[in-house]
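[1] I would like the atomic coordinates for the input below:
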Amino acid sequence: MSRLVMKFGGTSVANIERIRNVARHVKREVDAGHEVAVVVSAMAGKTNELVAWCTEASPMHDAREYDAVVASGEQVTSGLLAIVLQGMGIQARSWQGWQIPIKTSDAHASARIEGIDGSEIIKRFRDRKEVAVIAGFQGITPETGRITTLGRGGSDTSAVAIAAAVKADRCDIYTDVDGVYTTDPRIVPKAKRLDKIAFEDMLELASQGAKVLQVRSVELGMVHNMPIFVRSSFDKPEDIDPHANQPPGTLICSEEEIMESHVVTGIAFSKDEAQISVRQIEDKPGVAASIFGPLADANINVDMIVQNVSEDGKTTDLTFTVPAADYTRAKDTITAAKAKIGYARLDTATDVAKISVIGSGMRSHAGVAAQAFSALAGRNINIRAITTSEIKFSVLIDTAYTELAVRTLHTLYGLDQA
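    Residues are numbered from 1 along each chain as shown. Down below sits the predicted model:
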């Protein structure tokens, strides 16, 4: 017998018919003798609707009341799923974040989980064989007792954190895709589903544009060494053997559990990028701080950074990227600090895309990035900026060449035959 946490996203619980389908997945695991906790998102589109109502009520709304409103979507879903499970003869009870409790920071709308008491849920597993149906995305501040939310995609984080708290054997993330692919199959039809992927590789994929999982959920999985299994909720529940070693999907686990890792695991891309170049700044200590300090104060994340010094060594150009959503704020922030920075010109571009090549195997292989630069040059794709880390490198290119670049690199590293 295993203890499982099963998480279902918004498309999986979009209506009562789909909630019944989710209930059949849960029943399959219960009938197999497993102890089960289920974490649910709001029905597809409901959170967006609730957010829009808050904005319509007041564009400058109180973040505490915003959380009180948007957390209600998950409350509805958890109650409905508990009702359907009870109708199937399964002992089930819904739980809100504050009832467990899931204790969080007081950063409303983007709170972080600080602790979960899973003792009552574990007790009910043993005493009542009860399925816990938990509202994802929400928690409570211990100091004020106010409801908090964890940011968009927070139900993934809720699920992994709860899995760690109840000492589950695995956390299954049911979604509208059947696993993690080497890249987006809509861009590269030859993309292959990965049977297993290391936490580190998945963390890079998630942070560089792959939208399968929220980054924070992968971080938690890695910290607690909690295996995460990404699978489709649209597979027929009755066609799946709950005793199979690994049903269709992708297991995210520690690198030690993967017998043989490829040099490159996957290719991620993001078109939600903007480039800002600060031209002809006096090359002296403190210049970078005068640029990136105000951006940090404005809570704007800076990604790729490239610095070019002039031939005479007196001036420098500093180029960096920010999320497209923060482009206007970043540009205004730098403009406002012009007197302190002392630049001559500001150049910007929003028609850029970031392509990231990820793989733990890069640690022991030289020349992986050089191959990419040569292949992209062969396709006449100009590289605007480059960043590297131990298991990843990223290039910034014109958006128009995104699909060509992804296909070229996917083939280059042998992922078509993965």
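
[2] drop to CA atoms for contacts and neighbour counts, all remaining ones
    OK.

[3] quick one: least confident helix or strand in this protein?
    strand 305-309 (a mean of 84; mean pLDDT, DSSP states H and E).

[4] going by neighbour count, list what's buried in that strand.
    Neighbour-count burial for strand 305-309 flags Ile305 (criterion: 16 or more other Cα atoms under 10 Å).

[5] and the next element down the chain from it?
    Per DSSP states H and E, the first helix or strand lying C-terminal to strand 305-309 is strand 315-323.

[6] who does that following strand pair up with?
    Sheet pairing for strand 315-323, assigned by DSSP bridges, gives strand 266-282 (antiparallel), strand 305-309 (antiparallel).

[7] out of those strands, which is closest to Ala353?
    With Cα to Cα as the criterion, Ala353 lies closest to strand 266-282 of the strands paired with strand 315-323, at 4.4 Å.

[8] what average pLDDT does the closest one get?
    Averaging pLDDT along strand 266-282 yields 92.

[9] CA atoms of it as CSV?
    C-alpha atoms of strand 266-282 as CSV (Å, rounded to 0.1, in the frame of the first residue of the first chain):
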residue,chain,number,x,y,z
GLY,A,266,15.3,19.4,-23.5
ILE,A,267,14.8,22.7,-25.3
ALA,A,268,12.7,25.4,-23.6
PHE,A,269,11.8,28.8,-25.1
SER,A,270,10.0,32.0,-24.1
LYS,A,271,8.7,34.7,-26.2
ASP,A,272,7.7,36.8,-23.2
GLU,A,273,11.0,38.7,-23.2
ALA,A,274,12.1,42.3,-23.7
GLN,A,275,15.6,43.6,-24.2
ILE,A,276,17.0,46.9,-22.9
SER,A,277,20.4,48.3,-23.8
VAL,A,278,21.9,51.2,-21.8
ARG,A,279,24.5,52.9,-24.1
GLN,A,280,27.7,54.7,-23.5
ILE,A,281,27.9,54.7,-19.7
GLU,A,282,31.1,55.8,-18.0
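
[10] which of the strands paired with strand 315-323 is buried the deepest?
    strand 266-282 (a mean of 22; mean count of other Cα atoms under 10 Å).

[11] columns distance to Lys167 on top of the strands paired with strand 315-323, output as a markdown table?
    A markdown table is the format used below for the strands paired with strand 315-323 (distance: least, Cα to Cα, whole Å):
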| stretch | distance to Lys167 |
| --- | --- |
| strand 266-282 | 30 |
| strand 305-309 | 41 |
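
[12] which among those is found nearest to Leu205?
    Evaluated over these, closeness to Leu205 peaks at strand 266-282, with 5.9 Å, by Cα to Cα.

[13] about what we covered before: out of the strands paired with strand 315-323, nearest to Pro227?
    strand 266-282 (19.4 Å).

[14] which is the succeeding secondary structure element to that closest one?
    Next element after strand 266-282 (DSSP H and E): helix 287-297.

[15] how about low-confidence regions in this protein?
    Applying pLDDT under 70 to the chain flags residues 1, 209, 245, 259-261, 310-312, 418.

[16] ok, Thr387 - contacts?
    When contacts are counted by Cα atoms under 8 Å, 6 or more residues apart in numbering, Thr387 touches 304-305, 393-395.

[17] tell me the two of those residues that are most distant?
    Ile305 and Phe393 (13.0 Å).

[18] what are the ranges of the helices in the protein?
    Along the chain, the stretches classed as helices by DSSP state H are 16-31, 46-57, 63-70, 72-87, 119-128, 154-165, 199-207, 215-224, 287-297, 327-336, 338-341, 368-378, 402-412.

[19] kindly reformat those as TSV containing mean neighbour count and distance to Ser232.
    Shown next, in TSV, are the helices of the chain (neighbours: other Cα atoms under 10 Å; distance: least, Cα to Cα, whole Å):
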stretch	mean neighbour count	distance to Ser232
helix 16-31	19	11
helix 46-57	15	21
helix 63-70	19	26
helix 72-87	21	18
helix 119-128	14	25
helix 154-165	26	14
helix 199-207	23	18
helix 215-224	20	18
helix 287-297	15	38
helix 327-336	17	35
helix 338-341	14	51
helix 368-378	15	33
helix 402-412	18	24
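
[20] thanks a lot, catch you later.
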